[in-house]
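S.K.: sharing a sequence plus its predicted fold:
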Amino acid sequence: MKKSIFLTVLLAAFFVSAAIADPGDTLWTRTYGGSDTDYGRCVQQTTDGGYVITGQTKSFGAGYYDMYLIKTDVNGDTLWTRTHGGSAYDVAEFVQQTDDGGYIIVGNTASFGAGLNDVYLIKTDANGDTLWTRTYGGTSADRGYSVQQTSDGGYIIGGYTESFGAGGKDFYLVKTDANGDTLWTRTYGGSVDDYAEYVEQTNNGGYIIGGVTESFGAGGEDFYLVKTDADGDTLWTRTYGGSNSDFAYSGQQTDDGGYIIVGNTGTWLACDVWLVKTDATGDTLWTRRYNRSSSNVAYSGQQTDDGGYIITGYTGAFGSGFDVYLIKTDATGDTVWTRTYGGLGSSEIDYGRSVRQTDDGGYIVAGETSSFGAGGFDVYLLKIAGERLMVDFDIKPQSCPNPLNVRPYYNDEHGPRGALPTAILGTEDFDVNDIDPTTVTLEGVSSLRWDYEDVAAPVVGPQELIDPTTVTLEGVSPLRWDYEDVAAPVVDRQEVCDCTEEGPDGYVDLTLKFSRAEIIAALGSPPNGELPLTVAGTLYDGTAFEGVDCVVIINSPYITLEKPRAAIPESYVLKGNVPNPFNATTTITYGLPEAGQVSLKVYNLMGQEVATLVDGKQEAGYSSVTWNAGDKPSGIYFYRIQAGDFTESVRMILVK
C-alpha cells in the first residue's frame with residue numbers, strides 16, 4: 001500500500017500551512033483592542049507579507065473615538081499600533097499602502113475641519129507616524145469611505161457630502177496631488193440621499209464610483225454606479241435594484257474590463273447578499289443572491305486570481321447572533337463554498353468588513369468581534385486557506401540519469417521501447433530518438449504516462465490541457481507555466497528521481513500543493529520560471545526518504561525534472577523558517593556567496609542556546625536544515641547564523 005509523503009516548496013518568500021488545509025479553513029485568528037470598543041474596517045496585505053488594518057478605537061487615543069492603525073507580521077502578530085485624531089469623534093474607513101512604503105488612510109473627523117464632520121485624510125510613513133493630514137468638506141456633514149493612490153502619485157477619495165451638491169447627501173469625489181492638496185472635487189446625485197462607498201481608478205485613467213442612491217432607480221435604495229473620465233466628468237451612470245432596499249458597499253473593475261458590485265438586497269429584517277456583474281459600460285451581465293439565514297449582508301468583495309470572487313460580511317438573525325460570512329464563487333458567481341466564523345453565543349456579534357486575497361492564495365478578513373478579545377468589541381483578523389492547484393507524483397528514488405530518459409506509457413499500457421504510439425504522431429514506425437522532441441503532438445491522446453527507461457523525450461501529462469504545438473521546448477530551460485489553462489491533476493503518473501544519491505527502490509504517493517500566487521512568487525512574473533523542490537517522507541515500506549532536491553520545470557501540459565542548477569547568491573541570505581508557526585519541525589534555508597565556516601544555532605527568549613544546527617565549513621550556494629523541536633516547550637525562539645562577517649537572527653514560534 002502506498003503512503004503519502006509531504007513536499008516542501010522553497011518559494012521566494014515562504015510556504016504557509018495553507019498547503020495542507022481545505023479551502024475556507026481557518027489558519028489563525030487574532031484580536032486587537034482594549035477594554036472598550038474597537039472596530040476593524042479595512043485590511044490590506046503589505047509588501048513585507050504582513051498586514052495593515054484600520055478602523056476605530058475607544059480604548060486608546062486622544063478622544064471619544066480615534067482612528068486605529070495596526071501593523072502586523074505575516075502571522076498577525078502586532079508590530080505596532082497608532083491612533084490618529086483629536087478630542088471628538090474620528091474614525092478610519094480605508095487604508096492602502098503607498099508607493100513609498102507608508103500608508104494613506106481616509107475616514108472622517110469631528111475634531112478638525114470646517115463643519116460638523118469632514119473627510120479626514122492622513123498620510124503616514126512606513127512606521128505609521130503622521131507625515132501630513134488634510135480635511136475636505138464644508139459646514140455640514142462630509143464623510144470619506146475609500147481612498148486610492150492614483151497613477152500620478154496623488155489620491156482619489158470617495159464618500160458623501162451634505163455641504164455641496166444637489167440635495168441631501170451626494171456622492172463626493174475629491175482628487176488631490178501627492179501632498180493631499182485638492183486638485184478638483186465633484187458631486188453626483190439627485191435631490192434625496194446618494195452616498196459613495198468606494199472609488200477606484202480604472203484602466204483608462206478615469207474612475208468608477210459605487211454606492212447607494214435614493215434619488216434614482218426602481219425604489220427605496222438602489223445600487224448606484226458612476227463612471228467618469230480622468231477629470232471626474234460623468235461618462236455614464238447605472239442603477240441596479242428593485243422595490244426593496246439595495247445597499248452597495250464594495251466593488252471593483254474586473255479583469256474583463258467590466259465591474260462587480262457587492263452588497264445586500266431585501267428588507268431590514270430579511271436580506272440577502274447580492275453580487276452584480278456588469279460589462280464595461282455598466283450593463284448587467286448577471287446577478288447572484290446568497291442566503292444563509294434571515295439577515296445576510298456583504299461589506300466587501302474582490303475578484304480572485306482564478307477569475308471567481310470572494311465576499312465577506314455577516315449572517316445571522318436578531319436574537320440568535322451574527323457570524324462572519326465568507327462566500328467563494330466561480331467566475332459566473334455560482335457558489336464554490338461558504339463558511340462562517342465566530343462565537344457560539346446567541347447575543348454575540350462577529351462581522352467581516354474587509355476581505356483580500358493574499359499572496360499565498362488564501363484570504364485575509366478583518367472586522368470586529370464581541371465573542372473574543374479584551375473588550376466589548378475588538379478588531380477581528382482571520383487568515384483563511386484558499387484554493388490550491390494539485391499535482392500528483394509517484395516518487396521512485398534512484399540515481400539520477402543525465403539527461404533524464406523516459407519510456408512512454410499510452411493509455412496505461414507500455415508502448416514499444418523507443419517508439420511512440422501511432423495516435424501521437426500518425427505513424428507506426430516512429431523512433432523517438434530520430435526526432436526533435438519539440439515536434440511531439442498529442443492528437444487523439446487521452447492519457448499519456450512516462451517511465452524512466454532508455455528513450456529521451458519530453459515528459460507529457462495525461463490530458464490535452466492546451467495545444468502542445470503552441471509550446472516551444474528549449475531543452476530543459478525554464479518553460480512556460482500557463483496557469484490559466486492548467487487543470488488538476490496535471491500529471492497522472494510521474495517518477496521523480498533522487499538527484500543526489502541512491503535511494504531504496506519503491507513507489508510512494510506524493511501530493512504537491514501550491515497556489516497560483518505561490519507559483520507567481522516562485523517563478524517571478526508569469527509566464528517563465530522554475531519551481532525548486534525539496535522532498536522528504538517515508539516510503540511505502542517504512543523506509544525514511546529525504547534529501548531529494550530537484551527542479552520541477554512546469555509547462556502545461558509538460559512537466560520535466562532536472563538536477564538543480566548551482567544557484568549561488570550574490571550576498572549572504574537567511575530566509576524565514578517554513579512553516580512558522582510550526583509543530584514540531586521547521587526548515588531553515590540560508591545562502592552563502594562563497595565557501596566558509598558557518599554556525600547556525602537556536603536560542604530561547606532568555607538568550608540560552610537550545611540547539612546547534614550547523615557548525616562547520618560549507619560550500620557556496622543554498623542549503624537547508626530542519627530543526628526538530630519535539631522535546632522543546634511552546635514559545636518564541638530565535639535562530640542565528642554567523643558566516644564570514646554576516647550575522648543575522650530570525651524569530652520563530654513553536655506551537656504545540
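M.R.: Alright, I've got the coordinates.
S.K.: bridged to residue 142, which residues?
M.R.: Bridge pairing for residue 142 (DSSP bridges) gives the partners residue 161.
S.K.: now for it: which residues touch it?
M.R.: Residues in contact with residue 142 (Cβ atoms under 8 Å, 6 or more residues apart in numbering) are 108, 115, 117-119, 136, 159-163, 172. Quick note: C-beta positions are derived from backbone N, CA and C, even for glycine.
S.K.: please pick the buried ones from the residues you listed.
M.R.: 108, 115, 117-119, 136, 159-163, 172 (16 or more other Cβ atoms under 10 Å).
S.K.: narrow the residues you listed to those in strands?
M.R.: Counting by DSSP state E, the part of those found in strands is 108, 118-119, 136, 159-161, 172.
S.K.: now the residues you listed in a markdown table, with distance to residue 208 and pLDDT?
M.R.: Shown next, in a markdown table, are those (distance: Cβ to Cβ, whole Å; pLDDT from 0 to 100):
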| residue | distance to residue 208 | pLDDT |
| --- | --- | --- |
| 108 | 22 | 96 |
| 118 | 24 | 97 |
| 119 | 19 | 97 |
| 136 | 20 | 98 |
| 159 | 15 | 97 |
| 160 | 16 | 97 |
| 161 | 19 | 97 |
| 172 | 15 | 98 |
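S.K.: ok, these vs residue 582, which is closest?
M.R.: residue 108 (42.7 Å; Cβ to Cβ).
S.K.: can you pull the pLDDT of the nearest residue to that closest one once chain neighbours are set aside?
M.R.: Leaving aside its chain neighbours, residue 108 sits nearest to residue 143 (4.3 Å; criterion: Cβ to Cβ, 6 or more residues apart in numbering). Residue 143 is assigned 97 on the pLDDT scale.
S.K.: same check on residue 566?
M.R.: 42.
S.K.: before we move on, what about residue 614?
M.R.: For residue 614, pLDDT reads 93.
S.K.: one more: the one 3 residues further on?
M.R.: Among the per-residue scores, residue 617 shows a pLDDT of 88.
S.K.: so it bridges to which residues?
M.R.: Here residue 617, judged by DSSP bridges, has bridge partners residue 597.
S.K.: swap in residue 639?
M.R.: In beta-bridge terms (that is, DSSP bridges), residue 639 pairs with residue 602, residue 650.
S.K.: what comes up buried for stretch 647-656?
M.R.: 650, 652-654.
S.K.: please read the previous query as pertaining to stretch 34-47.
M.R.: Buried, per 16+ other Cβ under 10 Å, within stretch 34-47: 37-46.
S.K.: in strands, which of the residues you listed appear?
M.R.: Short answer: the buried residues of stretch 34-47 in strands (DSSP E) are 38-45.
S.K.: nearest to residue 630, of the residues you listed?
M.R.: Out of these, the member with the shortest distance to residue 630 (by Cβ to Cβ) is residue 45, at 32.3 Å.
S.K.: contacting residues around that closest one?
M.R.: Counted by Cβ under 8 Å, 6+ apart, residue 45 has contacts 51, 356, 358-359, 364.
S.K.: swap in residue 611?
M.R.: By Cβ under 8 Å, 6+ apart, the neighbours of residue 611 are 601-602, 627, 629.
S.K.: ok, so of those, who is nearest residue 643?
M.R.: residue 601 (12.2 Å).
S.K.: what about the closest one, how many neighbours?
M.R.: 17 (other Cβ atoms under 10 Å).
S.K.: quick one: contacts for it?
M.R.: Contacts of residue 601 by Cβ under 8 Å, 6+ apart are 609, 611-613, 615, 639-640.
S.K.: any chance of those residues in TSV with distance to residue 590 as columns?
M.R.: Listed next are these as TSV, based on distance: Cβ to Cβ, whole Å:
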residue	distance to residue 590
609	18
611	15
612	14
613	10
615	13
639	9
640	11
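S.K.: restricted to strands, list the residues you listed.
M.R.: Short answer: the contacts of residue 601 in strands (DSSP E) are 609, 611-613, 615, 639-640.
S.K.: now the buried members of those residues.
M.R.: Of the ones in strands among the contacts of residue 601, these count as buried by 16+ other Cβ under 10 Å: 611, 613, 639.
S.K.: that older thread, go through the ones in strands among the contacts of residue 601 and name the one nearest residue 588.
M.R.: residue 639 (5.8 Å).
S.K.: so which residues of the stretch 301-450 of the chain form strands?
M.R.: Along the stretch 301-450 of the chain, the stretches classed as strands by DSSP state E, counting those that start in this stretch are 309-317, 321-329, 335-341, 350-357, 363-369, 378-384, 389-395, 406-410, 413-414, 448-455.
S.K.: low-confidence regions, the stretch 101-250 of the chain specifically.
M.R.: Within the stretch 101-250 of the chain, not a single segment meets pLDDT under 70.
S.K.: strands of that one, start to end?
M.R.: 103-109, 118-124, 130-136, 142-149, 155-161, 170-176, 182-188, 194-201, 207-213, 222-228, 234-240, 245-253.
S.K.: rewinding a little: turn the ones in strands among the buried ones among the contacts of residue 142 into TSV, including distance to residue 92.
M.R.: Converted to TSV, those look like this (distance: Cβ to Cβ, whole Å):
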residue	distance to residue 92
108	9
118	14
119	12
136	15
159	13
160	16
161	19
172	17
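S.K.: of all these, which comes closest to residue 380?
M.R.: residue 108 (22.1 Å).
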